[in-house]
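1. I would like the atomic coordinates for the input below:
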Amino acid sequence: MTDQLLPGITAVTNVARNYSFYSWAIENLLKKNKVIKRNQFASHLTKRESAFVIASIFHDENNADKAKPHGYDKAKRFINKSNDGKLQVAFNVSDSNSEGFYGLYYKTAMYRLGLTIRSRLFDDLTPLGRQLATSFEANIRHTKYFKDHVQDDDVEKSVLSEYGDCACICQLVKPSEERNILRKIFFRENLKSRILEKSRRETLVMVLYLIKQCSSMAINFTDDIFRDAIFFGQVTDGKSIFNVDLKGLDKIAARWHLFQLHEFFTYGLESLLHALLSELKKRDDGMMLADFLKEIGDPSKAVGRILMASSVDTIQTTVLSILKNLHSDELNTISSDHFDRDCNLEKDVSEKTAFEALKEANKKIDSQNIIANSVAILILNYLRAYRLLDTIDPVTLWFNNRAFSELSPVLFAQEIKKKAPVWSIDKFVRFCFKTITDRHDLIAYEKLFYGNDTFRFEEKGNRLKFKMDIYPNYPSQRSSRIDSVLSIIEQLGLVEKQEGIRKITLDGEKILGEFLNERSDRPY
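-> Here you go, the predicted structure:
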């Protein structure tokens, strides 16, 4: 989902200048070398990358707050092995990919930004990629490294230090043609081949708009604040709750709202899996699922307390009890839509409270509270997702087309809708655990089919075991990529931190103002 919302930006491509450096490195190596094999492309590229990383380390090296480049640890080891003032640069700063961090992180991202052309022997640049490469070269053209040492396997420290003064990742924030081109690249429309043509631009503008609003409330904008803003339409400083304005950005905000709906759904299910696996880890001979649930006990009362539901006899009575608090007596598309809009941070019952309690329960491996809060989140998820079953609009169709190919809030709601009148909370819990184990095994068997051994459940004589070597202590949310967005827009000089709070700069204000002035009601 985030691939469509933020094409060209991933959870790990958080260094804006790497996009321009790799563009220059590709153009430069193809200009200076005859490349007839992919491994030649890789060796020439990684040599330039090692010099770039070492140069970035040397620049302002006593500044403890300076961002570290990708490959910092390995490059630092080579710096410590320097001989007679010369440093080896003919090595790969990545231990995981033959093409360095370009191959590991940036290759696909740059392709999705329209900067590169892929081929079997080597990657080349599009006209836009060449334009970016030229702008990077203009900033380093006067250095000794560029003039005389790009092809060298060993380079003097003084040469790399001079190179770092202009090539360091922290230098991008200064006004330059390179910075201007990168801004245009990130804020332009997506490639025509993408399903959503404006999603990246609109997401970046929405982040700028939210930063502006949050700074006026003395709130530092973070990924967690972003999730609250797009899901609940509100943010909090821990004492007060503030509404946010997303007028003019309602379509992209609606897509991110559905992203977070899916996040709460998967976190709830993964937490149930975590509770089960934590118990199975203690038992070499496994245990029956029924025995596990018997040990936990009936979670109905605890779920009722979390949801402030007066009746929890069935899923349906629980849902109607929640809706009654919002002056509705029937679950349908309209009441589900009203609930989705009205259930915010000001309400006594919301995912926010249950989610915070669930995170703590996961850390403590408190199975009873894990199950109670997970079930509460999944019931609220059902209430919100119900409206998607019969709604036809571009945003809902986009989400549903993706959702029906995987385990999702929509498919889950469809299943619950049939059984809600008769299922008890206990029956619902059993259904959730069966869904988790079946889904986990489906993925595992697909991997085994292709010869990859993997974690999986094994059932012998009704006793459940789990084949595993390592399992994380507790679940985590998937990345929204907003942390990368924040790094990139700060490096582009559109946002800055003042007294610990992110604030939009004058350049950021200009981009935001231009967008809001041209905002139209045309669909994507």
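2. Return the residues in contact with Arg17.
-> Arg17 sits next to 169, 171-172, 491 when contact means CB atoms under 8 Å, 6 or more residues apart in numbering. Quick note: C-beta positions are derived from backbone N, CA and C, even for glycine.
3. how does it look with 10 Å?
-> 52, 56, 69, 136, 139, 167-173, 178-179, 182, 488, 491-492 (CB atoms under 10 Å, 6 or more residues apart in numbering).
4. How far off centre is the strand or helix carrying it?
-> Per DSSP states H and E, Arg17 falls inside helix 16-32. Centroid displacement of helix 16-32 relative to its chain, using CA atoms, centre = their mean, to the nearest Å, is 26 Å.
5. likewise stretch 40-58?
-> 27 Å.
6. do stretch 175-184 as well
-> Taking CA atoms, centre = their mean, one finds the center of stretch 175-184 at 25 Å from the center of the full chain.
7. Pull the residues that contact it.
-> Counting by CB under 10 Å, 6+ apart, 16-17, 19-21, 23-24, 113, 128, 131-140, 166, 171-173, 204, 488-489, 491-494, 507, 511 sit against stretch 175-184.
8. Which of those are buried, as a ChimeraX select command?
-> Restricted to buried positions by 16 or more other CB atoms under 10 Å, the ChimeraX selection for the contacts of stretch 175-184 reads:
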select :16,17,19,20,21,23,24,113,128,131,132,133,134,135,136,137,139,140,166,171,172,173,204,488,489,491,492,493,494,507,511
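9. Next, count neighbours for the nearest residue to Ser350 once chain neighbours are set aside.
-> Closest residue in space to Ser350, ignoring its immediate chain neighbours: Cys343 at 5.3 Å, by CB to CB, 6 or more residues apart in numbering. With neighbours defined by other CB atoms under 10 Å, the count for Cys343 comes to 21.
10. isn't Cys343 right next to Phe264, touching?
-> No. In this structure Cys343 lies outside contact range of Phe264 using CB atoms under 10 Å: 11.7 Å.
11. Name the residues contacting each of these two.
-> Joint contacts of Cys343 and Phe264 (CB under 10 Å, 6+ apart) are 231, 351-352, 380, 384.
12. what's the residue sitting furthest away from the middle of the chain in contact with, if anything?
-> Residue distances from the centre of the chain (CA atoms, centre = their mean) peak at Asp84, which lies 44.1 Å from the mean C-alpha position. Contact partners of Asp84, counting by CB under 10 Å, 6+ apart, are 154, 156-157.
13. Show me where the stretch 351-500 of the chain has its helices.
-> Applying DSSP state H, counting those that start in this stretch to the stretch 351-500 of the chain gives helices spanning 351-364, 367-385, 394-403, 409-419, 425-449, 482-491.
14. roughly how far apart are Val349 and Leu323?
-> 11 Å (CB to CB, to the nearest Å).
15. show me the contacts for Glu496.
-> 173, 489-490, 502-505, 508.
16. Compare those residues and tell me which has the most neighbours.
-> Busiest of these [other CB under 10 Å] is Ile489, holding 26 neighbours.
17. Between the contacts of Asp84, which sits nearest Ile225?
-> Taking CB to CB as the measure, Ile225 lies nearest Lys157 of these, at 42.4 Å.
18. Next one: the closest residue to that closest one other than its chain neighbours, what pLDDT does it get?
-> Distances taken as CB to CB, 6+ apart place Gly85 nearest to Lys157, at 5.3 Å, with adjacent residues excluded. Per-residue pLDDT puts Gly85 at 80.
19. Return the residues in contact with Gly85.
-> 154-159.
20. quick one: it and Ile54, what's the gap?
-> Counting by CB to CB, the gap from Gly85 to Ile54 is 13 Å.
21. who touches both of those two?
-> Residues touching both Gly85 and Ile54 (CB under 10 Å, 6+ apart) are 155, 157.
22. check contacts around Gly71.
-> So Gly71 contacts 46, 49-50, 52-54, 56-57, 78, 91-95, 100-101, 104 (CB under 10 Å, 6+ apart).
23. re the thing from before, out of the helices of the stretch 351-500 of the chain, indicate the one that is most buried.
-> helix 367-385 (a mean of 25; mean count of other CB atoms under 10 Å).
24. From the contact counts, what lies against that helix?
-> The contact analysis (3 or more CB pairs under 10 Å, 6 or more residues apart in numbering; DSSP states H and E) places helix 367-385 against helix 250-280, helix 289-296, helix 300-307, helix 315-324, helix 333-342, helix 351-364, helix 409-419, helix 425-449.
25. Tabulate these (TSV), appending distance to Leu210.
-> Compiled in TSV, those are given as follows (distance: least, CB to CB, whole Å):
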stretch	distance to Leu210
helix 250-280	10
helix 289-296	40
helix 300-307	29
helix 315-324	29
helix 333-342	19
helix 351-364	17
helix 409-419	24
helix 425-449	34
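26. what domains does the record give for the protein?
-> Domain segmentation of the chain under automatic domain parsing yields 7-172, 199-242+492-518, 255-467.
27. That's all I had, so thanks and see you.
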